[in-house]
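**Q** Structure of the sequence below:
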Amino acid sequence: MLFSLALLAADGPPPAPVVVALAKEQAIAPSSWFFGSIHSRSQANIASEVAGRLLEVAEVGRLVKKGDTLARIDASAITLQHDELRAQITSEQARLTFFTSEVERLQRLAKTNHAARTQLEQMQSDRDATRGALAAARSRLAQSKDRVERSHIKAPFSGTVAQRLLEPGEWADSGDAIVELIDINNLEVRARIPLDSMAYINAETALLIKSDKDEVMATLRSLVPIGDVASRLAELRLNFTYSDWRPGQSVRVAIPTGEAKQSLVVPRDALVLRSNSTRVYRVNDDDIAEPIDVVLGNADGDWIEVIADLAAGDRVIIRGAERLRPGQKVATKTNLP
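**A** Residues are numbered from 1 along each chain as shown. Sure, this is the predicted structure:
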């Protein structure tokens, strides 16, 4: 067989440039696919903290930064109360100044005049009452100022306005949700997995996530170790980095369903898919490409288990195999890990 392949290579086209990688032994676990979805880690219905008529509400789709105004409530009545309290504070401050001055004057007279001592006690009482009234007015002013500030509903985090829950002109009570805010740049995957699979997942486990067009690797963020009574499934949350996915998108997650075992694996890019078979091309010592039929097993990221006439350390083609003929001479370039 090798002799015939060598003859073909000698009479065939010039060596084809290919990239090769080495088959290897690797611990790999059986897995199954489970449905999940993309969620924002920061998603909230932002509510009003004061009651009033809405003057403006941020448009749907608007990008906001933390602290930006999402909505504004008519604070005219609160502002009038605020101005009234400021006037009251000015009046109470004047009264306190007068009573303080009178107390000082009567203290001097009280040393020799009994009547002055009685007036002093009354004036001290009025001074102390005015001091208390002034402190109360200042407290109410601070509360009024706080309500004025809260009439501007601010974004608690940066994000996108997903929907208006109330429109300008509508009345909002304290606690009513005004807008839904979502941070589309801080995402996670949530999936429901069997309780039995929890034993095979830890913080170092890398899990493959697939959408219709893309796939990325993810790491465990949290695993709720309590199963739902009806479904017997636990919730899994994963961190990933991929800017093209959006909240609400459906994905699939490969979840380990058993212990890992040593298996022969090749890069996924080595697979050449045919209508009736799957093969890889091995490069022998004479730099001749040999097609090897394989049976696929479990996958782990970019590597996949194969059952075939291969051994660890064999060179398999990962770039350029699609155009090869069996027995063709190749010029190899090794793909470094």
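
**Q** how does this structure divide into domains?
**A** According to automatic domain parsing, the chain comprises the domains 1-29+260-337, 30-41+187-257, 43-74+151-185, 75-141.

**Q** I'd like these written out as a markdown table, with mean pLDDT and mean neighbour count added.
**A** In short, each C-beta sits where N, CA and C put it, glycine included. Below are these laid out as a markdown table (pLDDT from 0 to 100; neighbours: other C-beta atoms under 10 Å):
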| stretch | mean pLDDT | mean neighbour count |
| --- | --- | --- |
| domain 1-29+260-337 | 83 | 16 |
| domain 30-41+187-257 | 86 | 16 |
| domain 43-74+151-185 | 93 | 16 |
| domain 75-141 | 79 | 15 |
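
**Q** who touches stretch 146-157?
**A** Residues external to stretch 146-157 that are found in contact with it (C-beta atoms under 8 Å, 6 or more residues apart in numbering): 42, 44, 46, 48-50, 52, 64-75, 78-79, 82, 178-179, 181, 183.

**Q** Just those residues: which are in strands?
**A** Among those, the members found in strands (DSSP state E) are 44, 46, 52, 64, 69, 70, 71, 72, 73, 178, 179, 181.

**Q** now the angle from the top helix by length along the chain to strand 69-73?
**A** As assigned by DSSP state H, the longest helix anywhere in the chain is helix 114-150. Counting by axes from the mean of the first three to the mean of the last three C-alpha atoms, to 10 degrees, helix 114-150 lies at 120 degrees to strand 69-73.

**Q** Tell me the first helix or strand C-terminal of helix 114-150.
**A** strand 152-154 (DSSP states H and E).

**Q** Given that next one, what are its sheet partners and their directions?
**A** strand 69-73 (antiparallel) (DSSP bridges).

**Q** tell me the angle of the strand it pairs with relative to strand 177-182?
**A** Using the same axes, to 10 degrees, strand 69-73 lies at 180 degrees relative to strand 177-182.

**Q** contacts for strand 69-73?
**A** 46, 48, 50-58, 64, 151-155, 161, 166, 172, 178-179, 181.

**Q** Give me the distance between stretch 132-150 and the centre of its chain.
**A** Chain-centre distance of stretch 132-150: 39 Å, with C-alpha atoms, centre = their mean, to the nearest Å.

**Q** Please save the CA atoms from that stretch in PDB.
**A** Only the C-alpha atoms of stretch 132-150 are listed here, as PDB (Å, rounded to 0.1, in the frame of the first residue of the first chain):
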ATOM      1  CA  GLY A 132     -35.600  73.000  68.100                       C
ATOM      2  CA  ALA A 133     -38.000  74.500  65.500                       C
ATOM      3  CA  LEU A 134     -35.000  75.600  63.400                       C
ATOM      4  CA  ALA A 135     -33.400  72.200  63.500                       C
ATOM      5  CA  ALA A 136     -36.800  70.600  62.500                       C
ATOM      6  CA  ALA A 137     -37.200  73.100  59.600                       C
ATOM      7  CA  ARG A 138     -33.600  72.300  58.400                       C
ATOM      8  CA  SER A 139     -34.400  68.600  58.500                       C
ATOM      9  CA  ARG A 140     -37.600  69.100  56.400                       C
ATOM     10  CA  LEU A 141     -35.600  71.200  54.000                       C
ATOM     11  CA  ALA A 142     -33.100  68.500  53.500                       C
ATOM     12  CA  GLN A 143     -35.900  66.000  52.900                       C
ATOM     13  CA  SER A 144     -37.500  68.300  50.400                       C
ATOM     14  CA  LYS A 145     -34.200  68.800  48.600                       C
ATOM     15  CA  ASP A 146     -33.800  65.000  48.500                       C
ATOM     16  CA  ARG A 147     -37.300  64.600  46.900                       C
ATOM     17  CA  VAL A 148     -36.500  67.300  44.300                       C
ATOM     18  CA  GLU A 149     -33.300  65.400  43.400                       C
ATOM     19  CA  ARG A 150     -35.200  62.100  43.300                       C
END
